[in-house]
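*Asks:* sequence plus predicted model, see below.
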Amino acid sequence: MRKLLFIAVLLPILGGVAWWYFREQALPDYGPLYREYAYVSNGKSNTVSVIDLRTFALAKTIPVGSEPTGIAANSKKNEIYVVNAGSNNVTVIDAESNTVAATIGVHGRPYFIDVTEDGKRAYVANSASANVSVIDLDKRLVIGNVRVGAAPGLARVSPDGATVVVSNRGDNTVSLIDAKLLRVRATLPVCQHPEDIAILPDSSKAFVSCSGSSQVASIALSNNAINKGDKKDDRVLALIDVGRTPVSLTLKPDGGEMIVCDFDGDSISIIETGTDEVGNSLEIGQHPSRGVVTLDNSRLYVSNFGSNSVAVYDIDLGRRIWTMTVGSRPDGLALTPDQHYLLVLDTESGDVTVIQKRNPRKLEPSEYSLLTLIPVGVQPNGIVVKSFMLSAAKK
């Protein structure tokens with residue numbers, strides 16, 4: 001009886017100690033007006049799922065247009081933009097109320113949207129119309145449609161807002177749009193099936209992945225210094241050989257290196273952006289799809305679409321340090337603003353895996369742990385995180 005009584009008393013105490021030791025970190029308390037959400041576009045549900053990142057729970061499901069794909073946040077106002085490929089329009093979501101504020105019509109089969117750093121314009125490549133729609137986000141209307149090459153997949157604006165780089169998958173070219181004049185200033189032949197685009201922080205150079213030729217095109221962007229006669233022309237600098245089927249490009253925040261996910265090569269290629277050379281290549285997992293780098297440039301996370309996992313690559317050490325199992329067919333990735341949580345879109349299982357990064361302990365040496373799985377819609381394909389304080393009108 002004494003042993004049973006001792007066990008009955010000891011077990012709750014040990015359980016409490018274990019909970020305290022292994023408990024997940026609580027989010028900082030920024031006050032009642034603080035909001036932190038992840039927005040997920042669900043391609044086959046025609047909805048956007050809103051996840052409250054303070055509680056890691058589904059907060060709301062918002063009906064949008066048909067076949068939502070690309071999604072972006074405005075850094076200057078509390079708005080989210082969703083591209084609907086099936087209904088040829090863009091849904092504007094008010095992040096403070098998580099309701100649809102407007103719907104803006106564009107042209108045929110848009111897939112992605114990019115927003116300028118000043119939050120005033122957005123650019124949408126319309127793949128079935130061979131043009132790019134330019135949206136005034138204050139007026140919520142299209143102010144121009146710029147003709148580009150065949151089947152444009154992505155239009156990305158440079159950090160300085162001067163140039164829009166468009167990958168034309170149908171004719172293996174890149175169009176460079178002068179954002180001030182709203183016209184194409186150069187069309188450059190590149191490699192086969194150009195897709196993803198990355199632009200250096202100083203807007204001097206763009207990179208375009210070419211899935212059909214296992215290459216990445218390096219492109220010098222004009223500096224527009226025409227007054228002093230030292231204007232540099234837009235031109236292709238190099239075609240860089242990488243692994244098979246490069247599908248996505250991820251720049252380190254400092255712009256010094258760029259990571260290429262080689263989907264059919266089961267590898268990543270790391271390009272030195274200053275020299276246009278591949279500094280390192282390594283196997284990372286089966287069919288790597290997307291990558292994201294922490295703000296301190298120290299860690300790279302890669303979703304392995306074919307092996308239902310996420311790989312962690314230590315940039316300073318130059319090697320993979322961890323692999324974590326997630327849901328089925330992981331693709332898109334996002335980090336929370338504090339960099340402590342990684343959100344993984346599981347496109348086949350229709351959920352978001354939340355992984356926590358924490359300080360290793362003696363009894364729990366792992367730096368990463370699975371926090372939760374959050375069900376969303378069917379075929380989630382885009383994710384963006386938005387943190388903000390409620391405005392005075394919504395207090």
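*Replies:* That came through, no problem.

*Asks:* residue contacts, residue 383?
*Replies:* 38, 39, 40, 41, 71, 332, 333, 334, 343, 345, 352 (Cβ atoms under 8 Å, 6 or more residues apart in numbering). No exception for glycine: its C-beta is placed from N, CA and C like everyone else's.

*Asks:* can you flag the buried ones in the residues you listed?
*Replies:* Among the contacts of residue 383, those scoring as buried are 38, 39, 40, 41, 71, 332, 333, 334, 343, 345, 352 (criterion: 16 or more other Cβ atoms under 10 Å).

*Asks:* rounded mean pLDDT for the host helix or strand of the fifth one, please.
*Replies:* For residue 71, the enclosing helix or strand under DSSP states H and E is strand 68-73. In this model, strand 68-73 has an average pLDDT of 97.

*Asks:* what packs against it?
*Replies:* strand 34-42, strand 47-52, strand 79-84, strand 110-115, strand 380-389 (3 or more Cβ pairs under 8 Å, 6 or more residues apart in numbering; DSSP states H and E).

*Asks:* got a list of contacts for it?
*Replies:* 39-43, 46-48, 79-85, 91, 95, 110-115, 122, 124, 381-386.

*Asks:* what lines up beside it in the sheet?
*Replies:* strand 79-84 (antiparallel) (DSSP bridges).

*Asks:* check contacts around residue 271.
*Replies:* So residue 271 contacts 207, 216, 240, 242, 257, 258, 259, 260, 277, 278, 279 (Cβ under 8 Å, 6+ apart).

*Asks:* quick check, pLDDT for the fifth one.
*Replies:* The pLDDT attached to residue 257 in the predicted structure is 98.

*Asks:* tell me the spacing between it and residue 269.
*Replies:* 10 Å (Cβ to Cβ, to the nearest Å).

*Asks:* number of nearby residues for residue 302?
*Replies:* 27 (other Cβ atoms under 10 Å).

*Asks:* do the same with residue 137
*Replies:* Neighbours of residue 137 using other Cβ under 10 Å come to 22.

*Asks:* touching, it and residue 120? I think so.
*Replies:* Yes. Under the criterion of Cβ atoms under 8 Å, residue 137 makes contact with residue 120 at 5.9 Å.

*Asks:* where does pLDDT dip in the chain?
*Replies:* 1-29, 223-231, 362-364, 392-395 (pLDDT under 70).

*Asks:* redo that, cut-off 80
*Replies:* 1-30, 223-232, 360-365, 392-395 (pLDDT under 80).

*Asks:* residue boundaries of the strands in the stretch 201-350 of the chain?
*Replies:* 205-210, 215-220, 235-241, 246-251, 257-262, 267-272, 277-283, 288-293, 299-304, 309-314, 319-325, 330-335, 341-346 (DSSP state E, counting those that start in this stretch).

*Asks:* any chance of those strands in TSV, plus distance to residue 54?
*Replies:* Shown next, in TSV, are the strands of the stretch 201-350 of the chain (distance: least, Cβ to Cβ, whole Å):
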stretch	distance to residue 54
strand 205-210	36
strand 215-220	39
strand 235-241	42
strand 246-251	27
strand 257-262	30
strand 267-272	33
strand 277-283	37
strand 288-293	21
strand 299-304	22
strand 309-314	23
strand 319-325	23
strand 330-335	16
strand 341-346	11
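
*Asks:* just to revisit the earlier point, could you dump the contacts of residue 383 to JSON lines with distance to residue 306?
*Replies:* Listed next are the contacts of residue 383 as JSON lines, based on distance: Cβ to Cβ, whole Å:
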{"residue": "38", "distance to residue 306": "24"}
{"residue": "39", "distance to residue 306": "26"}
{"residue": "40", "distance to residue 306": "22"}
{"residue": "41", "distance to residue 306": "22"}
{"residue": "71", "distance to residue 306": "24"}
{"residue": "332", "distance to residue 306": "15"}
{"residue": "333", "distance to residue 306": "16"}
{"residue": "334", "distance to residue 306": "21"}
{"residue": "343", "distance to residue 306": "20"}
{"residue": "345", "distance to residue 306": "15"}
{"residue": "352", "distance to residue 306": "19"}
